[in-house]
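Asker: No letters, just coordinates:
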DNA sequence: TTGAAAGCGGTACCAG
DNA sequence: CTGGTACCGCTTTCAA
């Protein structure tokens, strides 16, 4: 095995032709050897010579040339939406990414930048990705899906609350989070329920379905209960303002959007002299460790993004076996963790 | 302007030859028109015909073919390290990413997967990136830098605590965070200082330099003070365990690694009957909103990852103007926010 | 078992 | 102003 020695810091990287020349064979042979092509028999001595030549020169194949010739790449595109991703989603993406890397895909993340969804689809298509996982704040259209499909993408997958026709879907249904929270509060006998709606724009895409789910849960219940949206900014003064108006709102419970907003609001309510859960029950979402440190300990809707089949493997399957009917997989598993605050 | 109509869902994406045929011109002309090549004059009528043909066919250029011909791509590689990134770092990467996208680079994030740094460098080199920003948990070696440089990378930039010879560096010196915290505690008259060291492996790369900085700050001071490392897991029982031993440790202050660990530890100390900051001063890092909700309000080392020059623009400059001496830019701006806990 | 050669899709030179 | 054409680096028949 040749040493990885600092090559003559010459001009540019050697090509397979350079390797062939040094090994005294043809470029074809180099390709066979380095790709472990089994359909062709190469003598062991030749193999060794080629390998040594490649190592000596520090040969690195040119991915673009290879995929141009092959007609397809192993690129999976993960466009990041405009919104800064939450921790849960980040973790999911990171896992997906390393899962795909393990299956030997090249993961390309496209940073969100103001582009119309159809423009974006064309930009992505330039890379001829073998699969695309698109978050729903980019609202892929059927036209965009068509472009990507025709560009060679063997799987187009949307990730978010809304499936799109013609694409597979990893469904993250945030409505279920709101519904779980509200059902829990109703079961606890609460009837007048506030639902915090963060005013930070990045949260809108999650807040709206959570509120919708809360509303639906009340409608579906027999109880004579009501839900009210409570705008809140992630700032102490905003929370204090809301807390000071609390008694006039006549609420006996609140689903605080997530644990961070819940902690913010809880503190403000307590400072305003309200007793939790006596006067008002509070539940958050995300089941952060920090919520357990509150007094009373914060109830929360715990969430997991999981799938019976690992998403990376699912994508691999769809890529290897395209043409099937659109698949839907629900990823979000909410579960109420009842603690002291409700 | 032609409509974006659903093309005949035919076989595959058209090539520039198809566009040329439909427009009745040569492939060269198509290339000139679509790239707005200024060195060559094309009649307006031809331009229009080409543009229409391209739109009608839904033509999308093939990025691999283009960069093969060009000999280089506009790909910037952002390998993600093994460790799950913290919120600050995530935000930085996201900003960098969209900054680069705005400058028309294609950002490729490589998910961390168990590879030796030199192997990784060769894998990256296959993509012929124009720049690489490598986090320091991948410990790029001079050999790896050589491979990347010779593969056409016009800027290799390390991101982390340690600059590497031959590469530019965005230095994130976590030691300064520990130093700031400890200097603050010393100024408050504290002399026996604990430093929390999280036991979660993902935090080691940050925790170690923060501890080192804390030690250095004590050494550099005139005070007769000492620092002691306090292993802690991010679990209530671990914090309770530490708190129960607290009095035997004889500490009058603690730098709790970050605000989350600080909140965890604060709660445990208070539950154990200790008074903060009377018995023990506490300071965290990160300046989370939630820390302000604690009683006493949590002091913290606020951090910002900034640079007089936006990192994306800096990379662009290095790419356009390579060959200069290695640059070092310090990104981390720590600043103590003294509240009630210290 | 190996080599020669034809492209993959674009770009850019040079001739017309 | 436009068309023909060589070539970027690699894979893959087809012949030898």
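Answerer: Thanks, I have it. Since we're looking at a predicted model, the values are computed, not measured.

Asker: mind listing the helices in the stretch 101-250 of chain A by residue range?
Answerer: Ranges of helices within the stretch 101-250 of chain A are A:117-125, A:142-150, A:175-187, A:204-220, A:236-244, A:246-249, based on DSSP state H, counting those that start in this stretch.

Asker: which one of these lies closest to residue A:61?
Answerer: helix A:117-125 (24.0 Å; Cβ to Cβ). For glycine as for every other residue, the C-beta is placed from the backbone atoms N, C-alpha and C.

Asker: What are the buried residues along the closest one?
Answerer: The neighbour-count check on helix A:117-125 (16 or more other Cβ atoms under 10 Å in any protein chain shown) flags A:117-118, A:120-125 as buried.

Asker: Does it reach DNA strand C?
Answerer: No. Counting by Cβ under 7 Å from any atom of the strand, DNA strand C is not contacted by helix A:117-125; separation bottoms out at 10.0 Å.

Asker: Give me the helices and strands touching that helix, please.
Answerer: strand A:75-79, strand A:106-110, helix A:142-150 (3 or more Cβ pairs under 8 Å, 6 or more residues apart in numbering or on different chains; DSSP states H and E).

Asker: Output the ones you listed in a markdown table; the columns should cover distance to residue A:194, mean pLDDT and mean neighbour count.
Answerer: Below are these laid out as a markdown table (distance: least, Cβ to Cβ, whole Å; pLDDT from 0 to 100; neighbours: other Cβ atoms under 10 Å in any protein chain shown):
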| stretch | distance to residue A:194 | mean pLDDT | mean neighbour count |
| --- | --- | --- | --- |
| strand A:75-79 | 35 | 91 | 24 |
| strand A:106-110 | 37 | 84 | 23 |
| helix A:142-150 | 39 | 90 | 21 |
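
Asker: does residue A:283 sit in a helix or strand, and which one?
Answerer: Using DSSP states H and E, residue A:283 sits in strand A:281-285.

Asker: what angle separates that strand from helix A:204-220?
Answerer: 130 degrees (axes from the mean of the first three to the mean of the last three Cα atoms, to 10 degrees).

Asker: strands paired with strand A:281-285, and their directions?
Answerer: Counting by DSSP bridges, the strands paired with strand A:281-285 are strand A:253-255 (parallel), strand A:299-302 (parallel).

Asker: Switch these over to a markdown table; also include distance to residue A:173 and mean neighbour count.
Answerer: Listed next are the strands paired with strand A:281-285 as a markdown table, based on distance: least, Cβ to Cβ, whole Å; neighbours: other Cβ atoms under 10 Å in any protein chain shown:
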| stretch | distance to residue A:173 | mean neighbour count |
| --- | --- | --- |
| strand A:253-255 | 16 | 31 |
| strand A:299-302 | 13 | 24 |
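
Asker: Just the buried residues of stretch A:290-298, please?
Answerer: For stretch A:290-298, a neighbour-count test (16+ other Cβ under 10 Å) marks A:290-294, A:296, A:298 as buried.

Asker: Which of the buried residues of helix A:117-125 sits closest to residue A:211?
Answerer: Nearest to residue A:211, judged by Cβ to Cβ, of the buried residues of helix A:117-125 is residue A:117 at 24.6 Å.

Asker: Identify the residues contacting that closest one.
Answerer: By Cβ atoms under 8 Å, 6 or more residues apart in numbering or on different chains, the contact set of residue A:117 is A:138-141, A:144.

Asker: Widest-spaced pair of these?
Answerer: A:138 and A:141 (9.8 Å).

Asker: So these two - more neighbours on which side?
Answerer: Between residue A:138 and residue A:141, counted using other Cβ atoms under 10 Å in any protein chain shown, residue A:138 has the larger neighbour count: 23 against 17.

Asker: My read is that that one contacts residue A:80, right?
Answerer: No. Judged on Cβ atoms under 8 Å, residue A:138 makes no contact with residue A:80 at a distance of 9.2 Å.

Asker: Write out the residues of chain A neighbouring DNA strand D.
Answerer: Checking chain A against DNA strand D by Cβ under 7 Å from any atom of the strand, the hits are A:12, A:15-17, A:27-28, A:30-32, A:34-35, A:37, A:40, A:59, A:61-62, A:65-66, A:68-70.

Asker: Can you give me the neighbour number for whatever residue of chain A ends up closest to DNA strand C?
Answerer: Closest to DNA strand C within chain A is residue A:41: 2.3 Å, counting by Cβ to the nearest atom of the strand. Residues within reach of residue A:41, counting by other Cβ under 10 Å, total 7.

Asker: so what's the residue lying closest to residue A:333 once chain neighbours are set aside up against?
Answerer: Leaving aside its chain neighbours, residue A:333 sits nearest to residue A:304 (4.6 Å; criterion: Cβ to Cβ, 6 or more residues apart in numbering or on different chains). By Cβ under 8 Å, 6+ apart, the contact list for residue A:304 reads A:332-333, A:335.

Asker: and if you look at residue A:232?
Answerer: A:196-199, A:238-239, A:242, A:257, A:261, A:264-265.

Asker: Local confidence estimate at it?
Answerer: Residue A:232 carries a pLDDT value of 98.

Asker: hey, what's it bridged with?
Answerer: Bridge pairing for residue A:232 - DSSP bridges - gives residue A:198.

Asker: quick one: it and residue A:39, what's the gap?
Answerer: 65 Å (Cβ to Cβ, to the nearest Å).

Asker: Start and end of stretch A:280-299, how far apart?
Answerer: 13 Å (Cα to Cα, to the nearest Å).

Asker: distance between that stretch and the chain's centre?
Answerer: From the chain centre to the centre of stretch A:280-299 is a distance of 25 Å (Cα atoms, centre = their mean, to the nearest Å).

Asker: Do me a favour and average the pLDDT over it.
Answerer: Here the average pLDDT along stretch A:280-299 is 97.

Asker: what do you get for stretch A:36-49?
Answerer: For stretch A:36-49, the per-residue pLDDT averages 90.

Asker: Same question for stretch A:302-318.
Answerer: 90.

Asker: And stretch A:177-193, by the same measure?
Answerer: Rounded mean pLDDT across stretch A:177-193 is 98.

Asker: Touching that stretch from outside, list them.
Answerer: Stretch A:177-193 is contacted from outside by A:195, A:209-218, A:221, A:223-228, A:250-255, A:281, A:283, A:285, A:299, A:301, A:303, A:332, A:334-336, A:338, A:342, using Cβ under 8 Å, 6+ apart.

Asker: which of these count as buried?
Answerer: For the contacts of stretch A:177-193, buried by 16+ other Cβ under 10 Å: A:195, A:209-218, A:225, A:227, A:251-255, A:281, A:283, A:285, A:299, A:301, A:303, A:332, A:334, A:336, A:342.
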